[in-house]
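In: have a look; sequence and predicted model below, questions after that.
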2 protein chains.
Amino acid sequence: MTDLPDFDLDRFTPYRLAVVAQKTSEGLARLYRAKFGISIPEWRVLVHVAHSGNVSVRDIEARVAMEKSKASRAASRLEAAGYITKNASKTDRRLVSISLTAKGQVLMAELLPMAQAYQNDLEARLGADFDALEKGIDRLLDET
Amino acid sequence: MTDLPDFDLDRFTPYRLAVVAQKTSEGLARLYRAKFGISIPEWRVLVHVAHSGNVSVRDIEARVAMEKSKASRAASRLEAAGYITKNASKTDRRLVSISLTAKGQVLMAELLPMAQAYQNDLEARLGADFDALEKGIDRLLDET
DNA sequence: ATATAATCGTTGCATTTGCAACGAAGTCAA
DNA sequence: TTGACTTCGTTGCAAATGCAACGATTATAT
């Protein structure tokens, strides 16, 4: 019976972040999943397309922290659902140019305010602690 | 062409938390995955068993924020690898009593210090921002 | 005591995931 | 131009995941 170091998972920052991330993501995801049948990867693709206009899978992979196969499949599902279109780029035919359809615009016109309200609520509930949290996250993102 | 609200995913807290959680978890997971072939769910089960002695799948589900089927299968893999044993509880035969084997003890005697070092490093690098981050996380965990 | 309900852990199943491999397209050097 | 190399997106495949359903056990109510 070796005696092990006393290690408490509840105080382990990577674990705590995982729990909190899951919790906050799920809160919003439940809403749009129930209402529109959108998954979290699909939501991320949509947001980036809505924000940046024409984007490629590569762009999504880089800017939205998602594996390219995951991004590719999320985009395929969104295309099948009629929310986006995928076209070969004119300038570089390796690239796929993804953009919102009219139906996708309507969807996002409803989704984005929901997300913004969720964010506002989060900020309001945390009050002063919110800025501290954000700063900590920034530090972690900047660190290697 | 409806014009959509200007929403920046980079400033969306649930997304930011997801990225940071992924990043910090992966940092440590790479180490023990390469060295011992342990996955993140398996790691969580091991930590809880090491910390609390005999535990059931239900305990793990409740205390480690993991679905019971996920916990069950992680435990099965750990049993197959010889790190834990599963026995029917004497007092309630629905429960499974999970505990570390000698081999599991040896494993954790190496893993836990690695994790603690990782945590210490995180704290040292963030300095004063660490406490602020932790407080923010606590707030989010306490909120519904 | 008996029937009903609740709890625990596992498993079947469809879906999602990560990774590597691939074809297609573009880049670069000689 | 040719050939080697890189980049982009998709897909095959095995593994992991979430959910519901199940058998086994225990708790509760009548």
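Out: Cool, got the structure.
In: might you report the residue contacts of the residue minimising distance to the centre of chain A?
Out: Nearest to the geometric centre of chain A sits residue A:44, at 3.8 Å (C-alpha atoms, centre = their mean). Contact partners of residue A:44, counting by C-beta atoms under 8 Å, 6 or more residues apart in numbering or on different chains, are A:60, A:64, A:66, A:74, B:9, B:15. Every C-beta, even on glycine, is put in place using the N, C-alpha and C of the backbone.
In: in helices, which of these fall?
Out: A:60, A:74, B:15 (DSSP state H).
In: correct me if wrong: the first one contacts residue A:70.
Out: Meaning residue A:60. No - applying C-beta atoms under 8 Å as the test, residue A:60 and residue A:70 come out as separate, 9.2 Å apart.
In: ok, and for whichever strand or helix holds the residue nearest to the centre of chain A, which residues are buried?
Out: If you go by DSSP states H and E, residue A:44 is part of helix A:40-52. Within helix A:40-52, the residues that qualify as buried are A:40-51, counting by 16 or more other C-beta atoms under 10 Å in any protein chain shown.
In: now do the same for the closest residue to residue A:8 other than its chain neighbours: its pLDDT.
Out: Take residue A:8 and drop its neighbours on the chain: the residue closest to it by C-beta to C-beta, 6 or more residues apart in numbering or on different chains is residue B:51, 6.6 Å away. You'll see residue B:51 listed with a pLDDT of 95.
In: repeat that for residue A:3.
Out: 83.
In: if I look at the closest residue to residue A:42 other than its chain neighbours, how far off is chain B?
Out: Leaving aside its chain neighbours, residue A:42 sits nearest to residue A:74 (4.7 Å; criterion: C-beta to C-beta, 6+ apart). Applying C-beta to the nearest C-beta, to the nearest Å, the value for residue A:74 to chain B is 14 Å.
In: I'd say residue A:74 and residue A:45 touch.
Out: Yes - using C-beta under 8 Å, residue A:74 is in contact with residue A:45, at 4.8 Å.
In: so where's chain A shaky on pLDDT?
Out: A:1-2, A:144 (pLDDT under 70).
In: around DNA strand C, pick out the residues from it.
Out: Residues of chain A lying close to DNA strand C (C-beta under 7 Å from any atom of the strand) are A:39-41, A:67, A:69-70, A:73-74, A:92-94.
In: now the two most distant members of the residues you listed.
Out: Greatest spacing in those, by C-beta to C-beta: A:40 and A:93 (30.4 Å).
In: can you give me the helices in chain A?
Out: Using DSSP H, helices in chain A cover A:13-36, A:40-52, A:57-63, A:68-80, A:102-126, A:128-142.
In: and the ones you listed, which is most packed in?
Out: Most buried of these, by mean neighbour count (mean count of other C-beta atoms under 10 Å in any protein chain shown): helix A:40-52, with a mean of 21.
In: just want the angle from it to helix A:13-36.
Out: 80 degrees (axes from the mean of the first three to the mean of the last three C-alpha atoms, to 10 degrees).
In: quick one: distance of helix A:40-52 to the chain centre.
Out: Distance, stretch centre to chain centre, for helix A:40-52: 7 Å (C-alpha atoms, centre = their mean, to the nearest Å).
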